[in-house]
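Here's my sequence, what's the structure:
(2 chains)
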Amino acid sequence: MSFWFLHGLRRGIQSTRYPRTLDSAPGVSPGHPINTEFSSSGDARDAAASCPVDAILADGRMAFVDDGLCIHCQRCRFGIRSPMNWELGYEWTELPPGRKDYETLPSAFSKSLHVMVVDAGDCGACLHEVKQLNNPLYNMHRLGYFFTATPRTADLLLVVGPVSENMRGPLLKTYEAMPDSKRVMAVGTCAITGGVFGRSFMCAGGVGSVLPVDLEVPGNPPPPLAVLHGLLVASGRKVVTIGELVSRRRS
Amino acid sequence: MAIASSPGERRAETDLKALSAAVAERFGTALSESSSDKGYVLSLSVNQPECLPSLCRFLFWDRGCSFGGIIAEEHPAHWQLYYPFLLASAGWIEVTLQLPIEVATVPSISSEVHAADWHEREVEDLFGLHFENHPRLGDFILPDQIWQEGINPMRKKFDANQPHFERQPDANWRPLLVVQDPGSFAMPVGPVYEGGIGESLHFLLETVGEDVIRASPRLFYKYRAVEKIAEGRSISDVLLLAERFAATSAFAHSLAFCRAVEKIYAVELPARAAHLRIALCELERLRHHAGAIAAICESTALAVSAAHAAISEEELLRASCVFTGHRYLFGLNVPGGLRRDVELNQCKNLLAAVDNAQAELRVLEDRLRYSSSFLDRLEDVGVIDGDQARDLNLVGPVGRASGLSCDFRKACPYSGYERYQFDVPYESEGDGYARLRVLFAESLQSVKLIHQAIESLEPGPLYVPCEGTTPGAALGWTEAPRGAALHWVSVDETGTVERYRAITPSFNNWLGFHIAAEDFAFQDFPIILATFGLSATECDR
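Sure, this is the predicted structure:
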């Protein structure tokens, strides 16, 4: 059995250098569409019409993207005459609409954050990407972040999924069992606005309609580094970008 | 290791005509028969409902057909129930039962075909149809703690778009206990457990201390009513749901959906799209299996091997992203082909990535084979023997580890799989280690298939328009990473989906989980769970 020890040593350190330096390995993020200026207003309208979830708003020659609605179906990117601009990267964490700023957790949490994950009807992708943070390539333990098995020791509630009716109770109980000070982070488009599942008799249409959300990580699914960026913001090691991102959504 | 290219345990009957004659002789006027789809589908319409159980018994047990599932449809004047059966290498047998809308009772087939148990419970809970002589109905998808009986969301008159708050939950609801000896107790696990990194589902472990007597899973915490909200939407919108209800097998499910739509509009797929679809299907299978292997290693707390497999999985996710633009292959499939093409150098990069993954998995398999402490935890754990697996019609790697070699890619090839060279590896022990070996062997076959598919890519169109004005309904199927997936789509003349039904491998296999999880030591529970590799979201929909 000693060969496992050698096997592990031989592979060396594989973890990403993020957040010290940006990780730009190919495939680390699928990217997302960004606000685009087209040469004609017709093109902007075409881009908006290609979106099946109305995440793109055409205004003159500009097309604005609502990250909280975008489901990364890439219909505005492929099979369209003039595609939306597509930006790689993963530092996407933003504030919920109507919130002016994020009140950072006390500084004691900046290098020790315990995260409680609740799967509230997620399709498996967001949960899987969150789980990837535990693997050696992302290794969030090196930053002092841990998934915790009980809400009693949790500082941050990370919710994925649109909140199915059958999970509403367990989600609320988990939140209530957490000690103060606590923060709630909605990860993935479904957790932010319900995504393709929307609002129905079985779906609350996002965590915001059940709990007060402090931070949102858009993406369908957000890649692991986007979730990591969310954790860095939550613990006060990165700042959330405030500006046009905040005011625009669902206005 | 035993490898069979065709199902071994079945009767040597490959002809639907012979079956049709046998059915006619036995059931006579209780049925009306018709054949369609170039002789590939045999439709049996049941005129006398009381004959249904014996007909299903005849097909499943006497003729060795696999059971597909139950598809219920509500029409203005009648109920229509489809029971698809598959006769391997021959074709589909579609048993249809029509009942007047005012009839609320259907003969249950669960006592003859045990695999139909959950299907009937689901139809009862969602449609309110009562299955005569079914041992346990009610409290299935809509839990009685928060929904009273009598709410049937799949009925056409139910408005799905509004929150439904008129509920009177049963305050006295208690879980059903089987073990009631002195000293025994039931330990609830979930729905939020493992720090939430596991999917939301609930287990009731009935235990007398260290040994667990029974473990009953309770699913559908994640039920999002995908089939209900799909009704009345356009095909391109339902495609989004088909692809996003279970992301870890998104491509396989969207492919099954697309194939059903292509069948309705009788669209012939361009060769390039067919080959590329196979490459992507197998890429998804390879990535899923790497993840499943990582989960098994993690459940035994062998951290280095878990890290090794997890790195392979993440590298395949990245390769998928570079190849297609999405880490989980979303947004590619569309009825009529694929949405975007790939270039030669992308293909080369993909082949390099899968070859690398294959080499890594080979190393891992070799190492694991010599890790006695690891094998001790997997061998003879969670055993399902061949008869039990056949009885419950288990599918995918779980079924194949118990000797059922049924694989849609061989039994009823789609998308051109019949032109490919590959094997369907299977084992007979049915324990955790057999399931792990099947995962390893299948991933190597997937690498082989990706190579063949990429080599057969010829320049050409990737998409043909797929639309029409004919109403129709069709069944699409794929072998998803976890097993057989069936998607039933019915559209009207404007292209609006009237009924969408997804029968998923996880739904089939969760039914068999309690057999593996019987009389075991507490610490084996995560291992049994990991070797099953089931998904709650794929089951719940």
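
contacts for stretch B:371-388?
Outside of stretch B:371-388, the residues that reach it under the criterion Cβ atoms under 8 Å, 6 or more residues apart in numbering or on different chains are A:1, A:4, B:9, B:296-297, B:300, B:302, B:305, B:368-369, B:394, B:398, B:401-404, B:428-433, B:435-436, B:512, B:515-517, B:520, B:524, B:527-528, B:531-532. From N, CA and C alone the C-beta is placed, and that goes for glycine too.

Please spell out which residues along it are buried.
For stretch B:371-388, the neighbour count (16 or more other Cβ atoms under 10 Å in any protein chain shown) marks B:371, B:374, B:377, B:378, B:381, B:382, B:383, B:384, B:386, B:388 as buried.

before we move on, what about stretch A:40-57?
For stretch A:40-57, the neighbour count (16+ other Cβ under 10 Å) marks A:43-48, A:50-53, A:55-57 as buried.

which of the residues you listed lies closest to chain B?
Distances from chain B to the buried residues of stretch A:40-57, taken as Cβ to the nearest Cβ, are shortest for residue A:52 (6.0 Å).

What about the nearest residue to residue B:441 once chain neighbours are set aside, how many residues nearby?
Excluding its sequence neighbours, the residue lying closest to residue B:441 (Cβ to Cβ, 6 or more residues apart in numbering or on different chains) is residue B:425, at 3.5 Å. Per other Cβ atoms under 10 Å in any protein chain shown, the neighbour tally for residue B:425 reads 23.

Tell me which residues touch residue A:226, please.
So residue A:226 contacts A:29, A:90, A:91, A:92, A:93, A:217, A:219 (Cβ under 8 Å, 6+ apart).

Neighbours of the fifth one, how many?
Here the count is done by other Cβ under 10 Å, and residue A:93 has 27 residues near it.

And it, what's its pLDDT?
According to the prediction, residue A:93 has pLDDT 87.

Please look at it and residue A:216 and confirm they touch.
Yes: between residue A:93 and residue A:216 there is a contact at 7.1 Å, judged by Cβ atoms under 8 Å.

so the closest residue to residue B:270 other than its chain neighbours, which of the three states?
Spatial nearest neighbour of residue B:270, chain neighbours left out: residue B:461 (4.8 Å); criterion: Cβ to Cβ, 6+ apart. Of the three states, residue B:461 takes coil according to DSSP: H, G, I helix; E, B strand; the rest coil.

quick one, phi psi at residue B:461?
Backbone torsions of residue B:461, given as degrees, to the nearest 10, read phi -70, psi 160.

How is chain B partitioned into domains?
B:3-132, B:185-218, B:226-506 (automatic domain parsing).

ok, which stretches of the stretch 201-350 of chain B are helices?
B:226-230, B:235-244, B:250-264, B:271-299, B:303-324, B:344-369 (DSSP state H, counting those that start in this stretch).

swap in the stretch 1-150 of chain B?
Under DSSP H, counting those that start in this stretch, the stretch 1-150 of chain B gives helices at B:16-27, B:52-57, B:117-127.

lowest-confidence stretch among those helices?
Note on the helices of the stretch 1-150 of chain B: helix B:16-27 shows the lowest mean pLDDT, a mean of 79.
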